[in-house]
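A.B. asks: just to be clear, the model below is a prediction. Sequence and coordinates:
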Amino acid sequence: MCGLSGEIRFDGGRPDLAAVERMTDRLAARGPDGRGVWSQGAVALGHRRLKIIDLSECGAQPMADSAGRITGVFNGCVYNYKELREELRGLGHRFFSDSDTEVVLKAYQQWGTDCVDHFYGMFAFVIVDQDTGRVVLGRDRLGIKPLYLARSPGRLRFASSLPALLAGGGVDTSLDPVALHQYMSWHATVAAPRTILSGVRKLPAATVRVVEPDGRERDIRYWQPSYSRVPEHAGLGADDWRDAVLDALRTAVRRRMVADVPVGVLLSGGLDSSLIVALLADEGQTDLATFSVGFESEGGVEGDEFHYSDLVARHFGTDHHQLMVPSDRVSTALDAAVEAMSEPMISHDVVAFHLLSEQVAKEVKVVQSGQGADEVFAGYHWYPDMAAVPRERAPEAYVETYFDRSHGDLTGIVRPHMLPEHDVSGRFVREHMARPGAETALDAALRLDA
């Protein structure tokens, strides 16, 4: 998983190395296999390493090219790094490691900020270009790997988690009212660039940010889904779509088999994770470790799905591990689960996932899972409700079906006058306030405050 951190100064001063050290240490759980700090001129970088690709010390970070003109830190995995390394060798680049981190550095040397167009993977990186004094930050297309930012007069700090930034000190920890509005409405989601804290932002997905030595910034959005039908797919039937989806899933699983350590699977027994086990078996994966979590039955409701995961594990001959969580263990693990979060989140299975991860980490460093399938294949209950309404009612149907709370309920939490005029959430709340009955709800909230 790894974790990165650092500081850039724009005021002529030196980076606060003690703060970078604290941020780096706060990321220890993300990278227990190695630690490094680098500083030169106006920039300092920190890194915690989880050894996944190139287990030697040649893959240690922060990493510099042989000429010392490029230094960077990287979190994630570029799945096509081997192909890119051969392409870059053909273009005259020489490599001292087998790591994907070095491929990222060489790709930046070759293609500049366009390097991200060549990457298949999940990643966040920070590269210091010492010829220009620029610092380049990048994030993968879907924002799988995080990159948090805290800007203050004369400096910019960054880290792989919000708590790490707080460890550096000097961060405005007041609540961002717009972010709070999003958090309370969208299943605890806060859209980039905001976070729940006013003093912390996150680099948006599919974005490269170039930071000049004087602090000026420019963003390059290098990818955006089109949300439109592709003309050549117009004639595809059900069988064609089935085959196309299967081919895409095979490609996705195959790309993720590049680790130099054993890879396991979080096997719930559901369709998503069971498919992954089957596809890995088809790709020739042997001695596959699978992991399932279950709970004690409560109120007559079955607490585990071991029956289904056992069927899959037996069929494919996996090295299967079951974790049965006693009911009293759930509440005692809550504090540790919250502490492990990069941002506040809510989910009925967050404690179970944390406990399972603790056990899995004792066996393997990398797992595949079915996370994200419900988003891609419309698995959540609100999708059919939204699909059933006429197109012209789509925005209203989205609000009615997806939002956790009405904006009337939120007016006592987020005051409309606190929201910027140009912000979408602010306009949404103010428009709601114009509706009959909304003012009454706000008056009631204000009376409670008094």
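C.D. replies: Structure received.
A.B. asks: residues in contact with the strand or helix carrying residue 105: which ones?
C.D. replies: Taking DSSP states H and E as the definition, residue 105 sits inside helix 100-111. By CB atoms under 8 Å, 6 or more residues apart in numbering, the residues outside helix 100-111 that reach it are 53-54, 59, 61, 63, 65, 70, 72, 74, 77-78, 81, 84-85, 88, 91, 93, 95-96, 115, 117-119, 121, 123, 125, 127, 129, 136. Using the backbone N, CA and C atoms, a C-beta is placed for each residue, glycine as well.
A.B. asks: the residues you listed in strands, which ones?
C.D. replies: Among those, DSSP state E puts 63, 70, 72, 74, 77-78, 121, 123, 125, 127, 129, 136 in strands.
A.B. asks: if we only consider those residues, which is nearest to residue 320?
C.D. replies: The closest of the ones in strands among the contacts of helix 100-111 to residue 320 turns out to be residue 77 (CB to CB; 25.3 Å).
A.B. asks: how much space separates the closest one from residue 319?
C.D. replies: 23 Å (CB to CB, to the nearest Å).
A.B. asks: with neighbour numbers in mind, choose between the two.
C.D. replies: Each of residue 77 and residue 319 has its neighbours counted (other CB atoms under 10 Å); residue 77 has more, 25 against 14.
A.B. asks: tell me what that one is bridged to.
C.D. replies: residue 122 (DSSP bridges).
A.B. asks: roughly how far apart are it and residue 316?
C.D. replies: Plainly put, residue 77 is 24 Å away from residue 316 if you go by CB to CB.
A.B. asks: same question for residue 288.
C.D. replies: For residue 288, the distance to residue 316 equals 7 Å [CB to CB].
A.B. asks: what comes up buried for stretch 108-118?
C.D. replies: Within stretch 108-118, the residues that qualify as buried by neighbour count (16 or more other CB atoms under 10 Å) are 108-110, 113, 115-116, 118.
A.B. asks: so what's the model's average confidence on it?
C.D. replies: Per-residue pLDDT over stretch 108-118 has a mean of 97.
A.B. asks: same question for stretch 357-371.
C.D. replies: Rounded mean pLDDT across stretch 357-371 is 89.
A.B. asks: residues in contact with that stretch?
C.D. replies: 50-52, 253, 256, 259, 261-266, 268, 270-273, 275-276, 280, 289, 291, 321, 323.
A.B. asks: let's go with 7 Å and repeat that
C.D. replies: Here stretch 357-371 makes contact (CB atoms under 7 Å, 6 or more residues apart in numbering) with 50, 52, 256, 259, 261-266, 270, 272-273, 276, 289, 291, 321, 323.
A.B. asks: quick one on the thing from earlier: where do the contact lists of residue 288 and residue 316 overlap?
C.D. replies: Jointly contacting residue 288 and residue 316 under the rule CB under 7 Å, 6+ apart are residue 277.
A.B. asks: ok, the two, which is more surrounded?
C.D. replies: Legend: neighbour count by other CB under 10 Å for residue 288 and residue 316, higher for residue 288 (22 against 19).
A.B. asks: wait, doesn't the more buried one sit right on residue 317?
C.D. replies: No: contact criterion CB atoms under 7 Å: residue 288 and residue 317 do not qualify, at 8.2 Å.
A.B. asks: need the longest helix for the protein.
C.D. replies: Counting by DSSP state H, the longest helix found in the chain is helix 238-255.
A.B. asks: check which helices and strands it sits against.
C.D. replies: Under the contact criterion of 3 or more CB pairs under 7 Å, 6 or more residues apart in numbering; DSSP states H and E, helix 238-255 touches helix 271-282.
A.B. asks: got the angle between the helix it packs on and helix 238-255?
C.D. replies: 70 degrees (axes from the mean of the first three to the mean of the last three CA atoms, to 10 degrees).
A.B. asks: which other helices and strands contact helix 271-282?
C.D. replies: If contacts are counted by 3+ CB pairs under 7 Å, 6+ apart, helix 271-282 sits against helix 238-255, strand 263-266, helix 306-316.
A.B. asks: can we see that at 6 Å?
C.D. replies: Here helix 271-282 touches helix 238-255, helix 306-316, going by 3 or more CB pairs under 6 Å, 6 or more residues apart in numbering; DSSP states H and E.
A.B. asks: of the ones you listed, which is nearest residue 389?
C.D. replies: helix 238-255 (23.8 Å).
A.B. asks: C-alpha coordinates for the closest one, CSV please?
C.D. replies: The C-alpha coordinates for helix 238-255 follow below in CSV (Å, rounded to 0.1, in the frame of the first residue of the first chain):
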residue,chain,number,x,y,z
ALA,A,238,-26.9,-9.8,-24.9
ASP,A,239,-24.4,-12.5,-25.7
ASP,A,240,-21.9,-10.0,-27.1
TRP,A,241,-22.1,-7.9,-23.9
ARG,A,242,-21.6,-11.0,-21.8
ASP,A,243,-18.5,-11.9,-23.7
ALA,A,244,-17.2,-8.3,-23.6
VAL,A,245,-17.7,-8.1,-19.9
LEU,A,246,-15.9,-11.4,-19.3
ASP,A,247,-13.0,-10.3,-21.5
ALA,A,248,-12.7,-7.1,-19.5
LEU,A,249,-12.8,-8.9,-16.2
ARG,A,250,-10.1,-11.3,-17.4
THR,A,251,-7.9,-8.4,-18.4
ALA,A,252,-8.5,-6.6,-15.0
VAL,A,253,-7.6,-9.8,-13.1
ARG,A,254,-4.6,-10.5,-15.3
ARG,A,255,-3.2,-7.0,-14.9
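A.B. asks: and that helix, which residues are buried?
C.D. replies: Within helix 238-255, the residues that qualify as buried are 249, 253, counting by 16+ other CB under 10 Å.
A.B. asks: hmm, who's touching that helix?
C.D. replies: 79, 279-280, 283 (CB atoms under 6 Å, 6 or more residues apart in numbering).
A.B. asks: A helix includes residue 384, no?
C.D. replies: Yes: judged by DSSP: H, G, I helix; E, B strand; the rest coil, residue 384 forms part of a helix.
A.B. asks: and for it, the neighbour number?
C.D. replies: Using other CB under 10 Å, residue 384 is surrounded by 10 other residues.
A.B. asks: quick one, grab the pLDDT at it.
C.D. replies: Listed pLDDT for residue 384 reads 86.
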